[in-house]
Each structure stands twice: as C-alpha cells, then as structure tokens.
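K.L.:
Give me a 3D structure for the following:
(one chain, ligands or ions: 1)
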Amino acid sequence: MSELRQALAEQLAEAVFQALTDDLARQERVLLVVSGGSTPVPFFKALAAKHLPWKQVDITLADERWVDEQSRDSNAKLVRENLLQGAAADANFVPLTTGDLTPEEGVEEVAKRAASLPWPASVVILGMGGDGHTASLFPDSPELTLALATDELLVAVRTPSQPQPRITFSADRLHQAKRHILHITGDEKRTVLANAMSGDDVRQLPIRAFLSCPLAIYWAP
Ligand SMILES: O=C1O[C@H](COP(=O)(O)O)[C@@H](O)[C@H](O)[C@H]1O
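P.N.:
Residues are numbered from 1 along each chain as shown. Sure, this is the predicted structure:
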C-alpha cells in the first residue's frame, strides 16, 4: 500500500466520520452505503478505528455479487473482515444476498430488508471499474436501462463481462443520498474518470450518472 493511498483512505475516513457525526446530531440513526472491490480496504480499516456511536450506524453495500458470504468474491465478507471490527462491530450491517439460488429470486427479500434502513443515506461511497461501471451498473448489462430508470430499491443484474450474477441498488436510490463520494486509485481510473467528464452517454460509462450529484472525488496515484 503506497503512502499516498493510505493517506487518501485516512482523509476519506475522516470525512465520513464528520458526515456521520453531523447527521447523528440531528437524527437517531444514520445509514452509510459502501462499495466492495479492492480499493476500499484501507478506508474500511481507518473508519473502523473512529470513535463513533456505532450502535446507531447502519451499513449496507452499493452492490453485491450473488455468491455465498464465505466466498472471496463476497463484498459482505470484505466489509465484515475490514470494517466491522473492534467497536465498529456494533454497527448494524445489512447484506444484499439471501439463501436463494439467484438474485432474481432473492431481490424482493433484500428490498424488504433494505427498505427498513434510515434512508436517505448520509453518505454513499462509490467505486469505479476500468470499464466505467459503478455499483453494479455495467455498460454491458442488459438491465442497465432499468437500473438507471427504476424507482425500485434494487435490481438483479446479469452482465456478460462478469462471472457472477449480481444485485445493485438502483441509481435513483443511490442518488437520494445526502452526500456522494467516489473513491478511486491509479492512473487508469483517472483516465476513465477524465473520459467520463468529457462526455454524457451514461450507458457508455455509467459513473456519469453520478457526476452531478455533486460527487466528491477521492483519488490517489
Ligand atoms: O465489482 C466491483 O468493482 C467496483 C470497483 O472495484 P475495485 O476492485 O476496482 O476497487 C466496486 O466499486 C463495486 O462495488 C464492486 O462490486
């Protein structure tokens, strides 16, 4: 882990800590939506070390692969092992999978679970892939149009470029958050983001759906 990426993770953790603390001064519970993938691990560790009233914090994911929670591809496993540690284990984590075989079968149950969270989210932290996807809004997904347009909470997606089916919060639900942050690292993602900023076809680079939220960008080389 480079020093710059570590510093970025710590600055992001401080910003999220401040946002949750500010909201907790006005409301009983707060919701934090995080992303999976490899980028957020140092951020999760830095946030877990913050002195928050964790019992008042709900945490869920922007998206999830439809895999067993023990799978190394599970975003829930990543959150449990890196964020829900120490005092932060008192947070209420709401995962996005069920025991159903497919996300199409499980999406309704997950939506019921997610509906009980204290929306709007205080903060949504998005990641981004090299193809411009964010959450599980992929350029090559047949369900992209639905996920960008629906006012349902969640959408089951099957994407040719991805090995597993997935479930994702809809763009509408993510848009409703009070604050939006994009956490990315590396020159390749900086170039993808620059391309996204110089055009407007959301289907080509789905991160474009969040550029005017407004979106705070946390980037390090
Ligand atoms: O598939 C996913 O990838 C993106 C980015 O992941 P990274 O490994 O490049 O950091 C992530 O935002 C998303 O939640 C995850 O499901």
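
K.L.:
So which residues on the chain come close to the ligand?
P.N.:
Residues of the chain lying near the ligand by CB under 6 Å from any ligand atom: 35-39, 62-63, 75, 127, 129, 136. Any C-beta I mention is one placed from the backbone N, CA and C, and that applies to glycine too.

K.L.:
Would you list the buried entries among the residues you listed?
P.N.:
Among the residues of the chain next to the ligand, those buried by neighbour count (16 or more other CB atoms under 10 Å) are 35-36, 39, 62-63, 75, 127, 129, 136.

K.L.:
Could you work out the most separated pair of these?
P.N.:
With distances taken as CB to CB, the most widely separated pair in these is 39 and 136, at 15.3 Å.

K.L.:
Which stretches in this protein count as helices?
P.N.:
Listed in chain order, the helices of the chain (DSSP state H) span 3-24, 41-48, 75-82, 103-115, 144-149, 171-175, 187-197.

K.L.:
can you list those helices in TSV and add mean pLDDT?
P.N.:
Shown next, in TSV, are the helices of the chain (pLDDT from 0 to 100):
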stretch	mean pLDDT
helix 3-24	98
helix 41-48	98
helix 75-82	98
helix 103-115	98
helix 144-149	98
helix 171-175	98
helix 187-197	98
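
K.L.:
So which of these is nearest residue 206?
P.N.:
helix 144-149 (6.7 Å).

K.L.:
Isn't residue 115 up against residue 153?
P.N.:
Yes. Counting by CB atoms under 8 Å, residue 115 touches residue 153, with 6.4 Å between them.

K.L.:
of those two, who's got more company?
P.N.:
Between residue 115 and residue 153, counted using other CB atoms under 10 Å, residue 153 has the larger neighbour count: 20 against 10.

K.L.:
What residues does that one make contact with?
P.N.:
Neighbour list for residue 153: 111, 114-115, 169-170, 173 [criterion: CB atoms under 8 Å, 6 or more residues apart in numbering].
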